[in-house]
Structure formats: C-alpha cells, structure tokens
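> Quick one: sequence and predicted model below, then my questions.
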Amino acid sequence: MSEPHVPCCYHVHVLLQIHDLKIEFPAGPRPLTAVRNIDFEVERGQVLGLVGESGSGKSVTSLAIMRLLPPQASASGEIHFNGVGPQNLLTLESESMRQLRGSKISMIFQEPMTALNPVMRVGEQIAEAVRAHDSVSRKESWNRAVEALKEAAIPDPVTRARDYPHQLSGGMRQRVMIAMAIVNRPELLIADEPTTALDVTIQAQILDLLAELRRKFGLAMLFISHDLAVVSKVADRVAVMYAGSLVEIGPRDEIFRAPAHPYTCGLLRSVPTLATPRERPLATIEGTVPPLHAVPTGCPFEPRCGYRIPECARALPPLIEVTPGHQARCPVVNRT
Ligand SMILES: Nc1ncnc2c1ncn2[C@@H]1O[C@H](COP(=O)(O)OP(=O)(O)O)[C@@H](O)[C@H]1O
Ligand code: SF4
Ligand SMILES: [Mg+2]
C-alpha cells in the first residue's frame, strides 16, 4: 500500500507539492491523457529542472499549477503550495488563485511577446502587475517597476521603462518578463523554456540572471526545458518526463552520473559532451515518442525499451527508490 499523502503545509522545507496529477483533454468517446501520476516537490529556494521531449507534458503540468489550463482541459490530483494552507490549488476559489498568481507564484514563458501587451509601455505593464496585488499609487508602482527592471539587469531602466515591447530585443523582452515576474517578490518562479527562443550568448546571460535572482531572493524555481544541457546548468534536482509520465527524479549530479531509467540513460547518451569523439555519431533512442492516443497503458517507454519484460506492459510501474531522494519508474533495472 502507498504512503498516505501529507500536504506540504506540514513540511517547512517543501514549497510546492504535486500529488497524483492527471490532465485530460476531451477527444471523442475517450479523453486523451496528457499527463498521469505526476508526483514531485519543490523545496524552498531550490531549483527543480523538469526535462522532457516536446509533447511530454511539461507545459500542461506548469499551467495546472497556475490554474491556467485551457477551459476544456480537466485536471485531477493535488497541488499544494505552502503559504496557502492545506487547500488544493486545483480547487482553490478563483479569487484566492488570482491573488496567488503573479505574487507568490509567477511564471515566465518561451516567447515574451505573447505575454506582453504590444501597445503598452513595458514599465506600465509591470506597474500594473504591482497594483494588481498591492494598493499603492501609480507613482509608487512605477518606481517599483523601474527597480525591477534594474534587478533584471536592464541598462538604463528609467528610459527603457518607457519603451514598447517591439522597441526591445528578444533578450531584453525576456528580462522585462523576468522583472514582471519578480516585482511582487514571489517564492516560486515557474520558467517554461525561458531561453529556448534566444541565441546561445543571450541564453547564457539569462541563465546567469536567474541564478543571481535565486541567490538574492531565495527564489525557488520550476525550470522547464527540453534541453538537458540547459537544465544541468541551473537545477539542483532534475525530473525527467516521458509521454506524460514522470519517469525519474533525483539530485542533478546523480541523474547525470548514474541515471537509472532506461529512457534517461538513452537521453543522456544522445547529448554530446566534451568527451564525445567527434567522428562517432551520437546515439539515438530507437523508435519514436508515441502520440497521445497511443501511449501504452503500462510503462510508456515499453515499446522502445531493450530491458522490457511482459509485466512492463500491464500497468504504469510505480516510482521506486534507487537511492535516498532518487526515484525511477522502472522496477526492472532496479532489480538488477
Ligand atoms: N489545448 C490542448 N488540447 C489538446 N491537447 C493538448 C492541448 N495542449 C496540450 N495538449 C497535448 O498535451 C500533451 C502535452 O503538451 P505540453 O505540455 O505542451 O508538452 P511539452 O510542454 O512537454 O512540450 C501534448 O501531447 C499536447 O498535444
Ligand atoms: S518498466 Fe520495463 S519497459 Fe519500462 S523502462 Fe523499465 S524495463 Fe523498460
Ligand atoms: Mg512546452
């Protein structure tokens, strides 16, 4: 029998706790399951990297935390955020959720242009975010916006605050989004592929900025990326998703040094390192990620796995402890 679930408001170190999250989209007679059996925690001040190929369910998981899933989606399970008591965010009343969003929990996305209003000065957009959570004057909210732009390392923030989004480069727009995300001093920042649309140099600068803000404000982060190399730079712990399931989670160094799940092992073999000989082609995982309507009932990786045994196809395997704090959803490799 599984352990009874204890909400994170009873653990001082745990900030966010997700238990048994399932997200479905209606599609004909049977809904499509985008994610199932998602369990993880983010501790205060910690960065959890959520990694997985496109379509594995990273964004829908983060949108469920913010309660920003499209209206046709249905989510079940439990999401607890320390600071709002034992309530489940999935059923929290809309007004309480609105207060939480953009204050204690904030989010940045891959494409800042879609989140910014093109006809409003960036400073005013940030000032508006301040006033949405705090009854301060326009002047005070503007000053805080300029201060946040400065914290996001935007040169000449007083002038830039008066710019419209199209006057800024992609990197600067992402800094504006970061300024907006931190202006109300959140405890948790959800960053969904925040550097994917940027070139490598700007990407490195944004990662440095996030690391600095984390240090400065003790910010916890759920850092989402399809790119293992990027996740390895920022995360303390890493969670790996495959076809809607969380297949492995553990301390970053252990996941990279001693991965336990066959999918994580394959994923790591397909990432070049300095030690990879140039003449040797990179390993690939045979087969392809199943589309949502064809995800197996059992282990989602079963059709592609070289270690499979008949029982793998029967039911989704549980997360099994490999070492303390390191779990993998594969009973077979853990047995050997
Ligand atoms: N609005 C939607 N309607 C139907 N299916 C969706 C919708 N949004 C996402 N999905 C499906 O949910 C799955 C997970 O998507 P997503 O979380 O965006 O993946 P990721 O962020 O890991 O690339 C995908 O198969 C995607 O097609
Ligand atoms: S549970 Fe079975 S199919 Fe899935 S990864 Fe482990 S060995 Fe492979
Ligand atoms: Mg995504």
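It's in. Ligands and ions are numbered 1, 2, ... in the order given.
> all contacts plus neighbour counts: C-alpha atoms, from now on.
Will do.
> which residue packs closest to A197, ignoring adjacent ones?
In this structure, A197 finds its nearest non-sequential neighbour in Q110, 6.2 Å apart by Cα to Cα, 6 or more residues apart in numbering.
> OK, contacts around that neighbour?
Contact analysis of Q110 by Cα atoms under 8 Å, 6 or more residues apart in numbering lists D192, E193, P194, T195, T196, A197.
> Which of these fall within strands?
D192 (DSSP state E).
> want to throw the contacts of Q110 into a markdown table with distance to ligand 1, neighbour count and pLDDT?
Below are the contacts of Q110 laid out as a markdown table (distance: Cα to the nearest ligand atom, whole Å; neighbours: other Cα atoms under 10 Å; pLDDT from 0 to 100):
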| residue | distance to ligand 1 | neighbour count | pLDDT |
| --- | --- | --- | --- |
| D192 | 8 | 22 | 97 |
| E193 | 9 | 22 | 96 |
| P194 | 12 | 23 | 94 |
| T195 | 14 | 24 | 92 |
| T196 | 12 | 16 | 90 |
| A197 | 14 | 16 | 89 |
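> For this structure, just list every one of the helices.
Using DSSP state H, the helices of the chain run over 58-66, 94-100, 112-115, 122-131, 138-151, 157-160, 170-182, 200-217, 228-234, 252-257, 262-269, 331-335.
> hmm, back to that, of the contacts of Q110, which pair is most distant in space?
Farthest pair in the contacts of Q110 (Cα to Cα) is D192 and A197. Separation: 11.2 Å.
> My guess is A328 contacts I320. True?
Yes - A328 is within contact range of I320, at 5.3 Å (criterion: Cα atoms under 8 Å).
> Need the residues touching each of the two.
Shared contacts of A328 and I320, defined by Cα under 8 Å, 6+ apart, are absent.
> roughly how far out does stretch 311-321 sit from the chain middle?
Here the centre of stretch 311-321 is set off from its chain's centre by 24 Å, with Cα atoms, centre = their mean, to the nearest Å.
> Need the contact partners of that stretch.
247-248, 296-300, 302, 327-331, 334.
> And it, what's buried?
C312, A313, L316, P317, L319, E321 (16 or more other Cα atoms under 10 Å).
> Now distance to ligand 2 too, for the helices of the chain, in TSV please.
Shown next, in TSV, are these (distance: least, Cα to the nearest ligand atom, whole Å):
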stretch	distance to ligand 2
helix 58-66	19
helix 94-100	37
helix 112-115	36
helix 122-131	44
helix 138-151	44
helix 157-160	50
helix 170-182	37
helix 200-217	32
helix 228-234	19
helix 252-257	15
helix 262-269	5
helix 331-335	5
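> how close does the most centrally placed residue in the chain get to ligand 1?
Residue closest to the mean C-alpha point of the chain, counted by Cα atoms, centre = their mean, is I224 at 3.7 Å. Taking Cα to the nearest ligand atom, to the nearest Å as the criterion, I224 is separated from ligand 1 by 8 Å.
> Show me what that residue bridges to in the sheet.
Taking DSSP bridges as the rule, I224 bridges to L50, D192.
> Can you give me the pLDDT of it?
pLDDT, I224: 98.
> Which part of the stretch 151-300 of the chain gets nearest to ligand 2, residue-wise?
Relative to ligand 2, the nearest point of the stretch 151-300 of the chain is C299 (4.6 Å; Cα to the nearest ligand atom).
> what's near enough to touch that residue?
C312, A313, R314, A315, L316, P317.
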